[in-house]
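Novice: predicted coordinates and the sequence they were generated for:
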Amino acid sequence: MTEEKRVQEIIKRLKERYPKVRTALNFNTPLDLLVATILSAQTTDVNVNQVTKDLFGKYKSVHDYAKIALEELQNDIKSINFYKNKAVYIKNLAQQLLEKFNGKVPSTMEELVKLPGVGRKTANIVLWNAYGKNEGIAVDTHVKRISKLLGLTKNTDPEKIEQDLMKIVPKEEWGLFSHLIIMLGREICQAKKPKHDKCPLNDICPSSNI
DNA sequence: CTCCCGATAT
DNA sequence: ATATCAGGAG
């Protein structure tokens, strides 16, 4: 099987298992999603959703983040790791949104990655879930780990992995692909204890022990 | 490469 | 006790 055909088969099977996949982060607006995604770095989405449940009620617009005291915002997200840095990112980001983007969350990769605390992974999540755009493939810890297990890349640098994946995944499925892999990583192919016996890819995965 | 730095599972 | 969790900045 060629690499492209194997990728097609992987996508086909994961689509069947996760037909309605999208981010597990709760949000109503692009701003919500941007904040939630920044908070989600090295943290479970369950933890993030718990915090944002109250957060989004209190911070309804860019202005609310921009005008709040840093210490108060830090306290509001204190149960998230790296909360001090993340609060600074969000406040500075809110300022920049007001100054440069008329208070709106931009919808291109180029603009998003210029915002503090926003890298390609975060930008890709926002672009696909909030704007339906496929400008790249979000490479998070799951995509990084599983792409390597599946033999789709030999690189360890997320940006190089993204480039490898963009060559073999059809562009119209870039956003979908990363979300399917993330779901697989959350439910089945976990880092600590991968459930090879329950994996829909175990017969075409070089790392499966089945 | 290091730092950031809480919650949870094992 | 330790590894891991939708990473990014300096």
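Specialist: Great, that's in hand. Everything numeric here is computed off the predicted structure, so don't read it as measured data. Numbering: from 1, shown residues only, chains lettered A, B, ... in the order given.
Novice: C-alpha from now on. contacts and neighbour counts both.
Specialist: Fine.
Novice: quick one: average pLDDT of stretch A:132-146?
Specialist: In this model, stretch A:132-146 carries a mean pLDDT of 98.
Novice: now do the buried residues in it.
Specialist: A:133-140, A:142-146 (16 or more other Cα atoms under 10 Å).
Novice: can you tell me the centre-most residue of chain A?
Specialist: Compute the mean C-alpha point of chain A, and by Cα atoms, centre = their mean the closest residue is residue A:125, 4.4 Å away.
Novice: put the alpha carbons of the helix or strand containing it into PDB.
Specialist: Taking DSSP states H and E as the definition, residue A:125 sits inside helix A:120-131. C-alpha atoms of helix A:120-131 as PDB (Å, rounded to 0.1, in the frame of the first residue of the first chain):
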ATOM      1  CA  ARG A 120       0.600  27.000  14.500                       C
ATOM      2  CA  LYS A 121      -1.100  24.400  16.600                       C
ATOM      3  CA  THR A 122      -3.500  26.900  18.300                       C
ATOM      4  CA  ALA A 123      -4.000  28.700  15.000                       C
ATOM      5  CA  ASN A 124      -5.000  25.600  13.200                       C
ATOM      6  CA  ILE A 125      -7.500  24.600  15.800                       C
ATOM      7  CA  VAL A 126      -9.100  28.100  15.600                       C
ATOM      8  CA  LEU A 127      -9.000  28.200  11.800                       C
ATOM      9  CA  TRP A 128     -10.800  24.900  11.400                       C
ATOM     10  CA  ASN A 129     -13.300  25.000  14.200                       C
ATOM     11  CA  ALA A 130     -14.300  28.700  14.100                       C
ATOM     12  CA  TYR A 131     -13.800  29.500  10.400                       C
END
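Novice: can the next helix or strand after it be said to contact DNA strand B?
Specialist: Scanning forward in sequence from helix A:120-131 by DSSP H and E, the next helix or strand is helix A:141-149. No. Judged by Cα under 7 Å from any atom of the strand, helix A:141-149 stays clear of DNA strand B, getting no closer than 13.0 Å.
Novice: what mean pLDDT does the helix or strand following helix A:141-149 get?
Specialist: Next along the chain after helix A:141-149, taking DSSP H and E as the criterion, comes helix A:158-168. For helix A:158-168, the mean pLDDT works out to 97.
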